[in-house]
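Q: Dropping the sequence and predicted coords here.
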Amino acid sequence: MKRVLFFISVISIALWLPASAAQHDEYPVASPPFSEGIFPCSSCHAGLELNTKKRELKDEHTSIRLHHAEKERWCLDCHNGPDRDKLKLADGEIIDFTESYRLCGQCHGNIYRDWRAGIHGKRVGFFKGGKRTYFLCVNCHNPHDPKFKPLKPEPPPIRPERQYGK
Amino acid sequence: MMSMGALAGLSLGSLSCTRAGMEEFLQKHFREMSEDEKKAVIRRLEAKYLKKYGKKVRISTQQAEAGVLWGYGLDLSRCIGCRRCVYACVNENNQSRVNPQLQWIRVIRLKKGSLINLENAEHYYNPETVPEPGFMYMPVQCQQCENPPCVRVCPVKATWKEPDGIVVVDYNWCIGCRYCMAACPYKGRVFNWAEPNLPAAELNTEVHYLGNRPRMKNVVEKCTFCIQRVRQGRYPACVEICPTGTRKFGNLLDPNSEIRYLIENKRVFRLKEDFNTDPKFYYFFSA
């Protein structure tokens, strides 16, 4: 019996290792857009007691206005309580900030599918023979307020009759 | 000077007969350039640009790779009409900045629900912020047709389709007749009506002979999918700048490419497909 268990654990580790390694190779993501000096979160949170009560934050992170299904969730649904330098999936798996697309993909499945295929979002650099960077969801969408904000357009072209100083 | 345009013109033309037959027809007026002659042309141009702009310009003549046919995807559900692509293109491809102002991308604004009504397209729109409610935006540039009408009308074969599908212009061979501009149903080509106005400080020195090398007065120019970048495996400048990830690029012959995925999985159309131009520029809707 013990031997069977041992085998199962060996096999599962053997299966898990290449899978997790491949995941990082497959999505060479950009670095998450942290506000300056905010990461690692543990530099402040390590000494703080974990308060799991849903509440409005009055002392810190006051600039964050949650506008992303705010009635249904709050900080610790996505941020991992015991280790703040990580994120937490709905099934309890702890992931790095560089894998945050998996967190977003839990709800936005069709977008996640398109993102993995390179249709949603942006990839820059070399598509062949060099380094390619995938933008994370959070590089374009503020996770606390994800709707894309309007932009000022670049100037329109000069009308033909205005060219050549006429 | 014998230029590369003539070279391609000969290989594409109707002279697919014997060498003797070709010589009889051409009467030694035209001949293919040797590798050394091409190198001499590149050296001459580099020296000319150094003198004009005071900067060392590196002119690539990188050839098309076999098994590659470039295709472009543009997501009309995402474009917000911010024109970042227009100016990224101008900076990358050394267009004349002003008098004449030349741009290879034209972003047109259309009323929602009236997408095919191109007569009502507006490309001078200038609101405080985009997107505006009730409108959508459609960037138009060279569609890199497989059956390009511009190539067919060129009387001197100064423009042709490369093996990887990019339609290019040999600026030193173009005579400025602008037949190609009249033939193009997409307004994909622009003309240097005056001496190009390109400040030396803004010159991009990484250029391709058939792409973004500085142009001269009285020649036609157009989008080349950033030939100098894509032949090195880099995304075009407009793809990289787009803040909404609207623009997609890839090899149509590679079944795992992004462009193939969107053609197979999204609602796709090509502009003015009924003209039988067979564009390799795919507009799609992701949502």
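A: Okay, I see it. In this text the structure is predicted, and so the values were computed from the model without any measurement.
Q: near chain B, which residues of chain A show up?
A: Counting by CB under 8 Å from any CB of the partner chain, the residues of chain A close to chain B are A:114, A:117-130, A:135, A:140, A:148, A:150-159, A:163-165. C-beta coordinates here come from the backbone N, C-alpha and C atoms, glycine included.
Q: Which element, helix or strand, includes B:Lys52?
A: Element membership for B:Lys52 (DSSP states H and E) is helix B:35-53.
Q: now that helix, how far from the chain's geometric center?
A: 22 Å (CA atoms, centre = their mean, to the nearest Å).
Q: hmm, back to that, can you tell me which of the residues of chain A next to chain B end up in strands?
A: Of the residues of chain A next to chain B, the ones assigned to strands by DSSP state E are A:Arg123, A:Val124, A:Gly125.
Q: quick one: low-confidence parts of chain B?
A: Within chain B, the stretches with pLDDT under 70 are B:1-17.
Q: Strands of that one, residue ranges please.
A: B:58-60, B:70-75, B:106-111, B:135-140, B:159-161, B:167-169, B:189-191, B:206-208, B:220-222, B:247-251, B:267-269, B:281-285.
Q: burial measure for the nearest residue to B:Pro236 once chain neighbours are set aside, as a count.
A: Nearest residue to B:Pro236, sequence neighbours excluded (CB to CB, 6 or more residues apart in numbering or on different chains): B:Cys226, at 3.8 Å. The local packing of B:Cys226 (other CB atoms under 10 Å in any protein chain shown) involves 27 other residues.
Q: how much space between B:Gln103 and chain A?
A: 6 Å (CB to the nearest CB, to the nearest Å).
Q: Confirm for me that that residue is in contact with A:Pro156.
A: No. Between B:Gln103 and A:Pro156 there is no contact, the gap being 10.1 Å when judged by CB atoms under 8 Å.
Q: So between the two, which is more surrounded?
A: The residue with more neighbours, out of B:Gln103 and A:Pro156, is B:Gln103; 22 against 14, by other CB under 10 Å.
Q: who touches stretch A:119-127?
A: Contact with stretch A:119-127 is made by A:111, A:114-115, A:131-135, A:137, A:140, B:73, B:75, B:232-235, B:239-240, B:242, B:245, B:248-250, B:258, B:261-262, B:265-266, B:286, as judged by CB atoms under 8 Å, 6 or more residues apart in numbering or on different chains.
Q: Buried residues in it, which are they?
A: A:Ile119, A:His120, A:Gly121, A:Lys122, A:Arg123, A:Val124, A:Phe127 (16 or more other CB atoms under 10 Å in any protein chain shown).
Q: and if you look at stretch A:125-143?
A: Those would be A:Phe127, A:Arg132, A:Thr133, A:Tyr134, A:Phe135, A:Leu136, A:Cys137, A:Val138, A:Asn139, A:Cys140, A:His141, A:Pro143, for stretch A:125-143 by 16+ other CB under 10 Å.
Q: Same question for stretch B:213-230.
A: Result for stretch B:213-230 [16+ other CB under 10 Å]: buried residues B:213-215, B:218-230.
Q: so what's residue 45 closest to, chain neighbours aside?
A: I went with chain A, as the question did not name one. Spatially, and ignoring its direct neighbours in sequence, A:His45 is nearest to A:Arg84 (4.1 Å; CB to CB, 6+ apart).
Q: could you do chain B instead?
A: B:Leu45's closest residue in space is B:Ile59 (CB to CB, 6+ apart), at 5.9 Å.
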